[in-house]
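Engineer: Show me how the following folds:
(one chain, ligands or ions: 2)
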Amino acid sequence: MNIRTVATKPFDDQKPGTSGLRKAVPTFQQPHYLENFIQSIFNSLDNYQGQRLVLGGDGRYYNRTAIQTILKMAAANGVGRVLVGQGGILSTPAASCLIRKYQAFGGIILSASHNPGGPEGDFGVKFNTPNGGPAPANVTEAIFAKSKEISEYKVLEADDINLDQQGEYKLGGMTVEVVDAVEAYADLMASIFDFDAIQKLLSGGFRVVMDSLHAVTGPYAKEILENRLQAPAGTVRNGEPLEDFGGGHPDPNLVYARELVEIMYGDDAPEFGAASDGDGDRNMILGNHFFVTPSDSLAILAANATLVPGYAKGITGVARSMPTSQAADRVAKKLGINCYETPTGWKFFGNLLDAGQVTLCGEESFGTGSNHVREKDGLWAILFWLNIIAKRGQSVEEIVKEHWQTYGRTYYSRHDYEEVAKDPANELMDQLRSRLSSFPGQQFHGYEVDLADDFSYKDPIDGSVAEKQGIRLVFKDGSRLVFRLSGTGTQGATLRVYLERYEGDQSKQNEDTQTALADLIQIAHEIAEIKKFTGRDEPSVIT
Ligand code: G1P
Ligand code: ZN
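Structural biologist: Residues are numbered from 1 along each chain as shown. Ligands and ions are numbered 1, 2, ... in the order given. You can find the predicted model right below:
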């Protein structure tokens, strides 16, 4: 078979963001665009020849085309064996699981996570390292550097592989193994959680609804919940992965998972509702007429971890991204375990997990996970909650409220101003940055600023430094305001404003979140002049 060397020219926009290279589908469809980036990945690596690679995606539009191209490029570049999920499907956590299980040199995951899909939607490519986690900055920078100097790429001339049939195929000197996308992951879940206790719960009238939003978790949730845990058929809704996610926005929050929210806030609501995102790494947890804030979820999982067989011996520590609320810190303090604050993005947790410094990690953006893989994991979080509920015999709401009584409640919300103009959004950040030193000591609506900075993080394991990770105003009572621009959007800019206030008084723990945060919302508008720079009075999404 023939290896073709194709001449190409660099694209100047192949810098990976918070989570891989994410662009609109038409961008990826430009001649050479995908190939350049994939070749840049290979060009940035040493000693992968003859080794294993894991490959799969969330099933969105362009997934199959991209997989065939990547397979032929992997063969031409000397990869030994590629494990591909059947149908080209692998959720992000399942890919991480396979990389670790088979000691691959890495994985290529095709996903734009929670962004909409389809011919006009988004597509993305993420590279994961041998620990199963997202490539850290030094790796993504090396890929970006190669993308700026690329002049040719290699591809094997061969027919497409049948991705729908499990088995081994030859592609030049390389073996392609089309594997069951679900089994290894489902086995891993069964090894962590008390499946007997959960099964008993589900057979005792405890009703669960899982909304896979027509995205990748459908087959995983059906196998785990309906098959292994014997929940009634139909427990998993929207469980067929579709190329355009049925036209929806596969992001598990109160806005985009509306169908689920209507069920959980309707008459005769089930006891437990959950959703996951496009590639299966995010989760939303709902009780009957009750929403669990992701920051609280992390804290509650940490506080109850020993109820889960996989963490029965206790956890070594927790890590959260900087904008995530400080609820988990209070649990860590009580348990006397490590607590880390990292920049936004799962890649910052990898070193801490590898070094055994932390067991659980989480982000406010509906992401929670542990050392079982090196990605956040939606179904894992859902099973964790079911395991806790089965052991405690309480409802979601009772568990959360008891947690607040013990640790205090952290009112928390994120306001997103999506698709605003880029330049003024950068100006908003610049003007805040230029005023940082003037904030401490100033009073706003009764809140006195204690600290104001642009968050920077020094990795305690490898000493690498990440700067400009979000502007943070911490007030004397511990309340916080954080401003950052999204690193995953593909249209214009997205301003994220994170708001947090602690309430230790039990009699004041049942307010509506937006009401409880009203003063902080007002302060955010005033000091950042959000209206002036974005032209918007209101955020487009509130979570
Ligand atoms: C967003 C979330 C972040 C998460 C990332 C990938 O990134 O805020 O927590 O890790 O998606 O799921 P952002 O768009 O804010 O850069
Ligand atoms: Zn995701």
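Engineer: So which residues make contact with stretch 127-134?
Structural biologist: Here stretch 127-134 makes contact (CB atoms under 8 Å, 6 or more residues apart in numbering) with 16, 19-20, 41, 54, 95-97, 99-100, 103-109, 126, 135-136, 139-140, 143, 345-347, 349-350, 353-354, 373-375. Backbone N, C-alpha and C define where each C-beta goes, glycine included.
Engineer: ah, wrong one, I meant stretch 138-158
Structural biologist: So stretch 138-158 is contacted by 1-12, 14-16, 32, 35-41, 43-44, 69, 72-73, 75-77, 127, 129, 135, 171-172, 464 (CB under 8 Å, 6+ apart).
Engineer: Check whether stretch 498-511 comes near ligand 1.
Structural biologist: No - Stretch 498-511 does not reach ligand 1 (CB under 6 Å from any ligand atom); its nearest approach is 9.4 Å.
Engineer: Now that stretch: buried residues?
Structural biologist: 498-503 (16 or more other CB atoms under 10 Å).
Engineer: ok so, going back, among the contacts of stretch 127-134, name the buried ones.
Structural biologist: The buried subset of the contacts of stretch 127-134 - by 16+ other CB under 10 Å - is 16, 19-20, 41, 54, 95-97, 99-100, 104-109, 126, 135-136, 139-140, 143, 345-347, 349-350, 353, 373-375.
Engineer: Which positions in the protein make contact with ligand 2?
Structural biologist: 113, 277, 279, 281 (CB under 5 Å from the ion).
Engineer: which residues sit in contact with the second one?
Structural biologist: Contact analysis of Asp277 by CB under 8 Å, 6+ apart lists 113-114, 213, 215, 250-252, 366, 378.
Engineer: now Leu432
Structural biologist: Counted by CB under 8 Å, 6+ apart, Leu432 has contacts 471, 483, 527-528.
Engineer: give me that answer again for 7 Å
Structural biologist: Leu432 makes contact with 471, 483, 528 under the criterion CB atoms under 7 Å, 6 or more residues apart in numbering.
Engineer: you'd agree it is in a strand?
Structural biologist: No - the assignment for Leu432, made by DSSP: H, G, I helix; E, B strand; the rest coil, is helix rather than a strand.
Engineer: Might you report the residue contacts of Arg484?
Structural biologist: 323, 344, 470, 496.
Engineer: Just give the number of residues close to the first one.
Structural biologist: Counted by other CB atoms under 10 Å, the residues lying close to Pro323 total 27.
Engineer: for the third one, same thing?
Structural biologist: Taking other CB under 10 Å as the neighbour definition, Gly470 ends up with a count of 20.
Engineer: who does the closest residue to it other than its chain neighbours bridge with?
Structural biologist: Closest residue to Gly470 apart from its sequence neighbours, by CB to CB, 6 or more residues apart in numbering: Arg484 at 3.8 Å. Judged by DSSP bridges, the bridge partners of Arg484 are Arg496.
Engineer: what about Arg484, distance to ligand 1?
Structural biologist: 7 Å (CB to the nearest ligand atom, to the nearest Å).
Engineer: does whatever residue of the stretch 51-200 of the chain ends up closest to ligand 2 count as helix, strand or coil?
Structural biologist: At 3.2 Å from ligand 2, Ser113 is the closest residue in the stretch 51-200 of the chain, using CB to the ion. Under three-state DSSP, Ser113 falls in the coil class.
Engineer: So for the one helix or strand Ile143 maps to, what gets flagged as buried?
Structural biologist: For Ile143, the host element (DSSP states H and E) is helix 137-149. For helix 137-149, burial by neighbour count (16+ other CB under 10 Å) applies to 137, 139-140, 142-144, 146-147.
Engineer: Stretch 511-528 too?
Structural biologist: For stretch 511-528, by 16+ other CB under 10 Å, it's 513, 516-517, 520-521, 523-524, 527-528.
Engineer: what's the answer for stretch 267-277, then?
Structural biologist: 269-277.
Engineer: one step back: just the contacts of stretch 127-134: which are in strands?
Structural biologist: In this view, those that belong to strands under DSSP state E are 54, 106-109, 126.
Engineer: Tell me the one of these nearest ligand 1?
Structural biologist: Lys126 (9.7 Å; CB to the nearest ligand atom).
Engineer: Just to check, the closest one is in contact with Gly106?
Structural biologist: No - at 10.3 Å, Lys126 does not count as touching Gly106 under the criterion of CB atoms under 7 Å.
Engineer: What is the neighbour count of Ser151?
Structural biologist: 11.
Engineer: mind checking the backbone torsions on it?
Structural biologist: phi -130, psi -10 (degrees, to the nearest 10).
Engineer: Pro241 and Thr368, how far apart?
Structural biologist: Going from Pro241 to Thr368 by CB to CB, to the nearest Å gives 22 Å.
Engineer: Ile337 now?
Structural biologist: 16 Å.
Engineer: Compare the two (neighbour count), which wins?
Structural biologist: Thr368 (30 against 19).
Engineer: residues making contact with the host helix or strand of the more buried one?
Structural biologist: Assigned by DSSP H and E, Thr368 belongs to strand 367-370. Strand 367-370 is contacted from outside by 281-283, 294, 297-298, 301, 346, 359-362, 375-377, 380-381, using CB under 7 Å, 6+ apart.
Engineer: switch to 6 Å and redo it
Structural biologist: 282, 297-298, 359-362, 376-377, 381 (CB atoms under 6 Å, 6 or more residues apart in numbering).
Engineer: And stretch 391-400, by the same measure?
Structural biologist: By CB under 6 Å, 6+ apart, stretch 391-400 touches 287, 290, 292, 307.
Engineer: What about the residue of the stretch 301-450 of the chain found nearest ligand 1, how many residues nearby?
Structural biologist: The stretch 301-450 of the chain approaches ligand 1 most closely through Ser365 (3.5 Å), counting by CB to the nearest ligand atom. Using other CB under 10 Å, Ser365 has 27 neighbouring residues.
Engineer: just for the chain, where's the confidence low?
Structural biologist: 1 (pLDDT under 70).
Engineer: let's go with 80 and repeat that
Structural biologist: 1, 18, 489-490 (pLDDT under 80).
Engineer: where's Tyr169 relative to Gly59, distance?
Structural biologist: From Tyr169 over to Gly59 (counting by CB to CB), the distance is 20 Å.
Engineer: that older thread, now the buried residues of stretch 267-277 in TSV, with secondary structure?
Structural biologist: Shown next, in TSV, are the buried residues of stretch 267-277 (three-state DSSP):
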residue	secondary structure
Ala269	coil
Pro270	coil
Glu271	coil
Phe272	strand
Gly273	strand
Ala274	strand
Ala275	strand
Ser276	strand
Asp277	coil
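Engineer: all strands for the stretch 201-350 of the chain, in order.
Structural biologist: 208-211, 236-237, 272-276, 283-287, 290-291, 317-321, 338-342 (DSSP state E, counting those that start in this stretch).
Engineer: So which of those is the most surrounded?
Structural biologist: Each of the strands of the stretch 201-350 of the chain was scored by mean neighbour count; the highest is strand 272-276, a mean of 29, by mean count of other CB atoms under 10 Å.
Engineer: Need the contacts of Asp277 in CSV (columns: distance to Gln431 and neighbour count).
Structural biologist: Below are those laid out as CSV (distance: CB to CB, whole Å; neighbours: other CB atoms under 10 Å):
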residue, distance to Gln431, neighbour count
Ser113, 30, 27
His114, 30, 26
Leu213, 38, 28
Ala215, 38, 34
Pro250, 35, 35
Asp251, 30, 25
Pro252, 34, 27
Phe366, 30, 26
Gly378, 37, 33
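Engineer: Dump the residues you listed to JSON lines, plus distance to Trp385.
Structural biologist: Output for the contacts of Asp277, formatted as JSON lines (distance: CB to CB, whole Å):
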{"residue": "Ser113", "distance to Trp385": "21"}
{"residue": "His114", "distance to Trp385": "20"}
{"residue": "Leu213", "distance to Trp385": "18"}
{"residue": "Ala215", "distance to Trp385": "20"}
{"residue": "Pro250", "distance to Trp385": "20"}
{"residue": "Asp251", "distance to Trp385": "19"}
{"residue": "Pro252", "distance to Trp385": "13"}
{"residue": "Phe366", "distance to Trp385": "13"}
{"residue": "Gly378", "distance to Trp385": "11"}
